[in-house]
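Chemist: Return a 3D structure for these sequence lines:
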Amino acid sequence: MYAIGIVGSKMDPHVIQLAEESRRQGIEPHVIDFTHFPAYNLLTVSKPRGYDDIGIHDPVPVEKLNLLLVRNFRAHGREPVATPDGIERWSRGVGDSLGLQQAFVRAAGRHIPVVNHPDASRFHGLKPYQYHFLHSHGIRVPATLVTADRGTVSSFIERFGNRVVAKPCSSGAEVVMADNEFFERNEAVLGKRPFMYQQFVSGRSFRTYLLGGRIVSSGEIFFDRRFVDWRERVRKTTACTLETAAADQVEKAVRLLGLAYCAVDLEYDGQTGAYYLLDFNPSALFTGWSKLVTINMAERIIRYVAGVLGNGNRLWL
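Modeler: Next up, the predicted model:
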């Protein structure tokens, strides 16, 4: 019997579904929960290697695992003290905790496959580089500018006829139009930190899920178009098949990024008549998606994992 490690919270519905589906398909799951690390968990790498979770009697048998499936890492700790020194200490502690967790996964990844490897997932937090990298390899992404210089921003906005959005260089903050309201609201920080400004594309919105570099599910998203960002404003999602040219771009992009599991957001732009790839989520939520488009994504993921293990640990289909 194969055994896999699922890195994530035991309380996460996604982790629960993956563990249940693993058992249904004859794979032994072990949840590696870093929620309370390092306060209540002890991580040791020795002979025999093990991850000792204080909440369970037996350690996770790391040496027995055939694959790691990373849902997410956890590093909350106490709320930061609202002073520069307090925030710095909190940030350093979170960084140290995440660094140790990722080092553990990297060490395991020298011996067994990891979906997704931390070195591939890091692109999600490096959006400017990610767009530059993809564009340089022929992937169609919106024209993008990263700067804190207002003059450069103004020229960019004029170039695209005031159809430009603004977003942070990292995090999941809402995407908004780069208009007067945005500049007034952020006047205090605009000259001190760079924002990402991007050509606004709008027409039809899609999300697609991939495993091993191949599309397994796609849907068109209908939402309130008075807003730029569709998150939390979805009215309907309909399963669909992407046009061949768009599907080819998506599959090429995730292979370039090394994301064996990924959800990609893309937009068909009514003005240019072209598809643009917008976002690549290496740890995409799937329980809600499964209900929206009537697909069992947990089953698909574990079926893919079984295929990897039965095919010489090759991640790409």
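Chemist: what are the ranges of the strands in the stretch 51-200 of the chain?
Modeler: 67-70, 114-115, 144-147, 164-167, 176-177, 195-199 (DSSP state E, counting those that start in this stretch).
Chemist: Could you export these as JSON lines, including mean neighbour count and distance to H14?
Modeler: (Glycine included, C-beta is placed from N, CA and C.) Conversion of the strands of the stretch 51-200 of the chain to JSON lines gives the following (neighbours: other Cβ atoms under 10 Å; distance: least, Cβ to Cβ, whole Å):
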{"stretch": "strand 67-70", "mean neighbour count": "23", "distance to H14": "10"}
{"stretch": "strand 114-115", "mean neighbour count": "23", "distance to H14": "14"}
{"stretch": "strand 144-147", "mean neighbour count": "17", "distance to H14": "30"}
{"stretch": "strand 164-167", "mean neighbour count": "22", "distance to H14": "25"}
{"stretch": "strand 176-177", "mean neighbour count": "16", "distance to H14": "29"}
{"stretch": "strand 195-199", "mean neighbour count": "21", "distance to H14": "28"}
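Chemist: Let me have the ones you listed in CSV, extended by mean pLDDT.
Modeler: What follows is the strands of the stretch 51-200 of the chain, written out as CSV (pLDDT from 0 to 100):
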stretch, mean pLDDT
strand 67-70, 97
strand 114-115, 97
strand 144-147, 95
strand 164-167, 94
strand 176-177, 92
strand 195-199, 95
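Chemist: These into JSON lines, with extra columns for distance to K252?
Modeler: Output for the strands of the stretch 51-200 of the chain, formatted as JSON lines (distance: least, Cβ to Cβ, whole Å):
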{"stretch": "strand 67-70", "distance to K252": "23"}
{"stretch": "strand 114-115", "distance to K252": "19"}
{"stretch": "strand 144-147", "distance to K252": "19"}
{"stretch": "strand 164-167", "distance to K252": "24"}
{"stretch": "strand 176-177", "distance to K252": "30"}
{"stretch": "strand 195-199", "distance to K252": "21"}
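Chemist: S283 is nearest to which of those strands?
Modeler: Each of these has some distance to S283 by Cβ to Cβ; the shortest is strand 67-70, at 7.1 Å.
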